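*Asks:* Make a model of this:
(one chain, ligands or ions: 2)
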Amino acid sequence: MSDAMSDGLPEGASPASPHRTAPARPALASAPHGSPLLRSLTGPLARWLPRQRWFAGKGRPLTGLTLISATELLPRSEDGSAPGLLHLLVRTRQSSSQPGAPPRDPSGGDCYQLLLGVRAGLPPALAPALVGRPTEGPLRGLAVYEALHDARLAAVLVERLRTPGRLGTLTFGRAGGAEIPGGLPARLLTNEQSNSSVVYGDSFILKLFRRVSPGVNPDLELPLALAEAGCPRVPAPAAWFEAAWPGTGTEPLTLGVLQPFLAGSADGWQLALRSLTRRADFTAAAHALGRATAEVHTALAAALPTGVLAGAGLEEVAAGMNDRLAEAASAVPALRPYRAGLGRAYEEVAAFARNGGSCAVQRLHGDLHLGQVLCAPDRAGRGSLWWVIDFEGEPARPLEDRRGLGPPVRDVAGMLRSFDYAAAQHRESLGSFAEAWSRANRTAFRRGYAEAAGGDPAGTAALLRAYETDKAVYEVLYEARHRPGWLEVPMTAIRRLAAA
Ligand SMILES: Nc1ncnc2c1ncn2[C@@H]1O[C@H](COP(=O)(O)OP(=O)(O)O)[C@@H](O)[C@H]1O
Ligand SMILES: O=P(O)(O)O[C@H]1O[C@H](CO)[C@@H](O[C@H]2O[C@H](CO)[C@@H](O)[C@H](O)[C@H]2O)[C@H](O)[C@H]1O
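*Replies:* Numbers count the residues shown, from 1 in each chain. Ligands and ions are numbered 1, 2, ... in the order given. Got it, this is the predicted structure:
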C-alpha cells in the first residue's frame with residue numbers, strides 16, 4: 001500500500017452537506033476533505049475490499065483510496081454501544097497487474113458504494129461482517145463492519161426510502177403511488193451477486209449497486225420506463241436513491257433501487273439445473289421465456305429510442321468485438337490459440353455490413369441469462385409467469401456502453417449461452433442428454449421469441465454467431481477473474497465457436 005492511500009480527497013470533492021432535519025455528527029462534519037475518516041478506514045478497507053465478491057479490480061494491487069463522499073445515515077450513541085451507519089463512496093487506485101503496463105483507468109480507478117456499521121463491541125453473530133478495527137483517526141478502537149449484515153442498520157435504509165428527501169449528497173426518491181409499510185424485517189441475500197441485495201419482510205428487495213459511475217443506472221432507468229409502459233414482465237421500482245457527483249454537472253449516480261419482492265419465485269438457473277438432474281423436459285419453460293424476452297424487447301422499443309445499424313456503424317460493432325477479444329486474450333492466455341478462429345465470426349459481420357446489411361437496434365437487457373429471470377406464481381395462483389430482472393448490463397462495461405442501443409439478438413445470444421452453461425454442469429454425468437437438452441431449449445427459446453416478436457431473433461446467422469462468440473469471450477474473462485473453477489465452461493464453447 002503506497003502513501004497515496006491516506007493522502008485525502010481530490011480537489012473539488014464536496015463535503016457531505018448537512019441533513020435537512022438532523023445535522024451530521026461532528027466526526028463527519030470534519031470529513032469535508034475526508035482525511036481524518038479516511039485515516040481511520042484506509043488500513044481496514046485496503047485489506048477487506050479486494051476480498052469482496054463485487055470488487056471489480058481483482059488481480060491488480062490496490063495502491064490508494066480516495067473518499068468521494070461520506071454521509072452519516074444513523075449516528076452511533078456516544079458510548080458506541082448503539083451502532084452508527086455510514087454511507088461512503090470510495091474511489092480505488094490500482095496499479096496494473098503487468099509490470100510496465102499503464103493503469104487500466106487513468107481517470108483514477110473505480111468508485112464503490114460502502115455501507116459501514118460502527119460500534120464499540122461487535123456481537124458474535126456479526127463477527128463475519130467485520131471490516132476491521134481502526135487504530136487511528138476518529139474511529140480508533142471501534143469495530144467497523146459491513147452494515148447490511150446488521151438487520152437494525154439495513155432497516156435504516158428502507159426507512160429513508162419511505163420518505164423522499166435529501167441527506168448530505170444523497171437523494172431519496174419514491175414512485176408515485178408506491179406504498180412501503182414501516183417496520184419490515186430486513187435480511188441480506190447471500191446469493192452469489194455482482195451487487196448486494198436486502199429483502200424486507202418478503203415484500204420488497206433493495207439492490208445496492210457496488211461499483212458505481214456517474215449517470216443513471218439502466219437497472220433503474222429501464223424498469224421505470226417499462227413500468228410506465230405497463231409491461232408486466234418487470235418488477236416496477238418503488239423507490240431509489242442517488243448521489244450527486246461532486247464537482248460535475250452530470251446526472252446523479254444511482255446507488256440503490258427498491259422493488260417488489262417476488263415471493264415464492266425461483267430463478268431460471270435453478271429450474272434449468274433441476275430439469276437436467278431429473279431428466280425432465282424444460283422446453284415449455286424455455287418457449288415461455290422466449291416469449292417473455294420478446295415482450296420486454298417490444299416494450300423497450302416502444303418506450304425508448306431505437307435506430308438502425310448499418311455500414312460503418314455495424315463495422316464498428318465488429319471492430320469492438322475484436323477489441324474485446326484482444327483484451328480478453330491478453331488477460332487469459334488460454335484464449336490466444338483461438339483468436340483467429342473467433343475473429344472470423346466478426347469478419348463475417350463486417351462483410352455483412354459492407355454488402356449493405358443492416359439491423360434494428362434498441363435498448364436491451366445487456367446481460368440476459370438464466371439467473372436474470374424469475375419464475376413466480378401468477379396472481380390467480382393457477383400458473384406461473386417469467387419475470388426479467390437486473391437490467392444493469394454486463395457489470396464490467398462502462399456505463400455509457402451499457403446505456404447504448406444494440407440489436408435484440410445480443411440478449412438472445414446471452415440466453416442461448418446460458419442453456420449451454422446449464423448443460424455444462426451435467427455434461428460428465430449426463431453426456432448426450434445434456435447436449436440434447438441444450439439444443440432443444442435453445443430452439444424452444446428462439447421459437448417462443450419468434451412467435452411473440454413476429455420474426456426470428458437471429459436476424460442473420462452471422463450476427464447470432466458473432467454475438468454468441470462475443471458473449472463467450474466476455475464469460476472467459478468473467479470466469480478467469482471471478483470463478484476460475486468455471487473457466488472450462490466458456491472455453492468449451494470457445495473451441496466449438498472457433499472451429500465453426
Ligand atoms: N424482485 C425480486 N424478487 C425476488 N427475488 C429477487 C428479485 N430481484 C432480485 N432477486 C434475487 O436477487 C438476486 C440478485 O439480484 P440481481 O438483480 O441479479 O443482482 P446482481 O446484479 O447483484 O446479480 C437474484 O438472482 C434473485 O435471486
Ligand atoms: O452478476 P450478474 O448476474 O449480473 O452477472 C454476472 O455473473 C453471472 C454469474 O453469476 C455471469 O453469468 C454466467 O454464469 C451463469 C451461471 O452462473 C450463466 O447462466 C450465464 O449464462 C453466464 O454468462 C454473467 O456473465 C456475469 O455478467
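
*Asks:* Give me the distance between the longest strand seen in the chain and the centre of its chain.
*Replies:* Longest strand of the chain, by residue count under DSSP state E: strand 62-74. On the basis of Cα atoms, centre = their mean, to the nearest Å, strand 62-74 sits 21 Å off its chain's mean C-alpha point.

*Asks:* again, but for stretch 176-186
*Replies:* Using Cα atoms, centre = their mean, the offset of stretch 176-186 from its chain centre is 24 Å.

*Asks:* That stretch spans what distance, first to last residue?
*Replies:* Distance between the two ends of stretch 176-186: 23 Å, counting by Cα to Cα, to the nearest Å.

*Asks:* Residues touching the helix or strand hosting Val199, excluding its own?
*Replies:* Taking DSSP states H and E as the criterion, Val199 maps to strand 196-200. Contacting residues not belonging to strand 196-200 are listed as 54, 148, 154-155, 157-158, 184-189, 191, 205-208, 210, 258, 261 [Cβ atoms under 8 Å, 6 or more residues apart in numbering]. The C-beta positions use only the backbone N, C-alpha and C, and glycine is treated the same way.

*Asks:* one more time with 7 Å, if that's ok
*Replies:* 148, 154, 158, 184, 186-189, 205-208, 210, 261 (Cβ atoms under 7 Å, 6 or more residues apart in numbering).

*Asks:* same for ligand 1: which of those residues are within range?
*Replies:* Among the contacts of strand 196-200, the residues that sit close to ligand 1 (Cβ under 6 Å from any ligand atom) are 189, 205, 207, 261.

*Asks:* Please report the distance of Pro408 from Pro457.
*Replies:* 6 Å (Cβ to Cβ, to the nearest Å).

*Asks:* Same check on Ala424?
*Replies:* Distance from Ala424 to Pro457, by Cβ to Cβ: 23 Å.

*Asks:* the more surrounded of these two?
*Replies:* Pro457 (26 against 18; other Cβ atoms under 10 Å).

*Asks:* any idea how far that one is from Gly414?
*Replies:* Counting by Cβ to Cβ - Pro457 and Gly414 are separated by 11 Å.

*Asks:* quick one: low-confidence ranges for the stretch 51-200 of the chain?
*Replies:* Across the stretch 51-200 of the chain, the ranges flagged by pLDDT under 70 are 96-108.

*Asks:* thinking again about what came up before, going on from the longest strand of the chain, what's the next piece of helix or strand?
*Replies:* Heading C-terminal from strand 62-74 (DSSP H and E), you reach strand 84-94.

*Asks:* following that next one, which helix or strand comes up?
*Replies:* Assigned by DSSP H and E, the successor of strand 84-94 is strand 111-119.

*Asks:* Report whether the host helix or strand of Thr469 contacts ligand 2.
*Replies:* Using DSSP H and E, Thr469 falls within helix 461-482. Yes: shown here: helix 461-482 in contact with ligand 2 (Cβ under 6 Å from any ligand atom) through 475, 478.

*Asks:* Buried ones in that helix, by neighbour count?
*Replies:* 462-482 (16 or more other Cβ atoms under 10 Å).

*Asks:* packing partners for that helix?
*Replies:* helix 311-331, helix 339-354, helix 409-424, helix 488-499 (3 or more Cβ pairs under 7 Å, 6 or more residues apart in numbering; DSSP states H and E).

*Asks:* sorry, back to before: top of the ones next to ligand 1 among the contacts of strand 196-200 by neighbour count?
*Replies:* Lys207 (26 neighbours).

*Asks:* Make sure that residue is indeed in a strand.
*Replies:* Yes: checked against DSSP: H, G, I helix; E, B strand; the rest coil, Lys207 lies within a strand.

*Asks:* Excluding chain neighbours, what is closest to the residue of the stretch 151-300 of the chain found nearest ligand 2?
*Replies:* Proximity of the stretch 151-300 of the chain to ligand 2 (Cβ to the nearest ligand atom) peaks at Ser194, 3.4 Å away. In this structure, Ser194 finds its nearest non-sequential neighbour in Pro395, 4.6 Å apart by Cβ to Cβ, 6 or more residues apart in numbering.

*Asks:* Helix, strand, or coil at the one you found?
*Replies:* Once three-state DSSP is applied, Pro395 turns out coil.

*Asks:* contacting residues around it?
*Replies:* Pro395 neighbours (Cβ under 7 Å, 6+ apart): 56, 194, 211.

*Asks:* Next one: it from His365, what distance?
*Replies:* 13 Å.

*Asks:* Which positions in stretch 121-131 come out as buried?
*Replies:* 122, 126, 129-131.

*Asks:* how distant is it from the center of its chain?
*Replies:* 27 Å.

*Asks:* what about dumping the CA coordinates of the longest strand of the chain to PDB?
*Replies:* Only the C-alpha atoms of strand 62-74 are listed here, as PDB (Å, rounded to 0.1, in the frame of the first residue of the first chain):
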ATOM      1  CA  LEU A  62      -4.600  -1.600  -4.700                       C
ATOM      2  CA  THR A  63      -2.400   1.500  -4.300                       C
ATOM      3  CA  GLY A  64      -4.700   4.100  -2.900                       C
ATOM      4  CA  LEU A  65      -8.100   5.100  -1.700                       C
ATOM      5  CA  THR A  66      -9.900   8.400  -2.000                       C
ATOM      6  CA  LEU A  67     -13.100   9.400  -0.100                       C
ATOM      7  CA  ILE A  68     -15.600  10.900  -2.600                       C
ATOM      8  CA  SER A  69     -18.400  11.400   0.000                       C
ATOM      9  CA  ALA A  70     -19.300  10.400   3.500                       C
ATOM     10  CA  THR A  71     -22.800  10.600   4.900                       C
ATOM     11  CA  GLU A  72     -24.000   9.600   8.300                       C
ATOM     12  CA  LEU A  73     -27.300   7.800   7.900                       C
ATOM     13  CA  LEU A  74     -27.500   7.000  11.600                       C
END
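
*Asks:* Show me what that strand is packed against.
*Replies:* Using 3+ Cβ pairs under 7 Å, 6+ apart, strand 62-74 is in contact with helix 35-48, strand 84-94, helix 151-162.
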